[in-house]
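1. coords please:
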Amino acid sequence: MPPAPLYAATHPESGVGLLRPLLDGVGKSVLAVPDPYVTTSVDVTPWADEKWTAVPAHRGEVARERPRKHQPIGAR
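-> Numbers count the residues shown, from 1 in each chain. All right, here's what the predicted structure looks like:
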């Protein structure tokens, strides 16, 4: 029997772009996998504004002394 698929939130290496050096500069890392490993994608654009509102509310996600400035998707 073949292994069951595993769906996890990640980024393909080709989609990381300038994010990796930016995060490296603040001591963080980005989880990325080789592009061929990504077989399914989900457009989460409808929830992007909610996510960017929620992320700074969690200490483990963003340091409180460095507030994130975010423009809503529609304002870009």
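
2. and Ala54, how far from Ala48?
-> Ala54 sits 11 Å away from Ala48, taking CB to CB, to the nearest Å as the criterion. Every residue, glycine included, has its C-beta placed from N, CA and C.

3. between those two, who's got more neighbours?
-> Ala48 (14 against 11; other CB atoms under 10 Å).

4. for Leu22, give me the pLDDT.
-> Here, the pLDDT recorded for Leu22 equals 83.

5. doesn't it lie inside a strand?
-> No: going by DSSP: H, G, I helix; E, B strand; the rest coil, the assignment for Leu22 is helix, not a strand.

6. burial measure for it, as a count.
-> One way to gauge burial is a neighbour count; for Leu22, by other CB under 10 Å, it gives 12.

7. and Asp49, by the same measure?
-> When neighbours are counted by other CB under 10 Å, Asp49 registers 15.

8. look up how far Leu23 lies from it.
-> Relative to Leu23, Asp49 is positioned 21 Å away (criterion: CB to CB).

9. just say helix, strand or coil for Pro36.
-> For Pro36, the secondary structure call by three-state DSSP comes out as helix.

10. can you start the count at 511 instead of 1 from here on
-> Shifting the count to begin at 511 puts that one at Pro546.

11. can you list the residues that contact the helix or strand of the chain with the lowest mean pLDDT?
-> Per-element confidence for the chain was summarised using mean pLDDT, DSSP states H and E. The lowest value among helices and strands belongs to helix 529-534, with a mean of 83. Contacts with helix 529-534, where a contact means CB atoms under 8 Å, 6 or more residues apart in numbering, come from His521, Ser539, Val540, Ala542.

12. chain center to stretch 521-541: distance?
-> Computed by CA atoms, centre = their mean, to the nearest Å, the separation of stretch 521-541 from the middle of its chain amounts to 9 Å.

13. and for stretch 527-545?
-> 10 Å.
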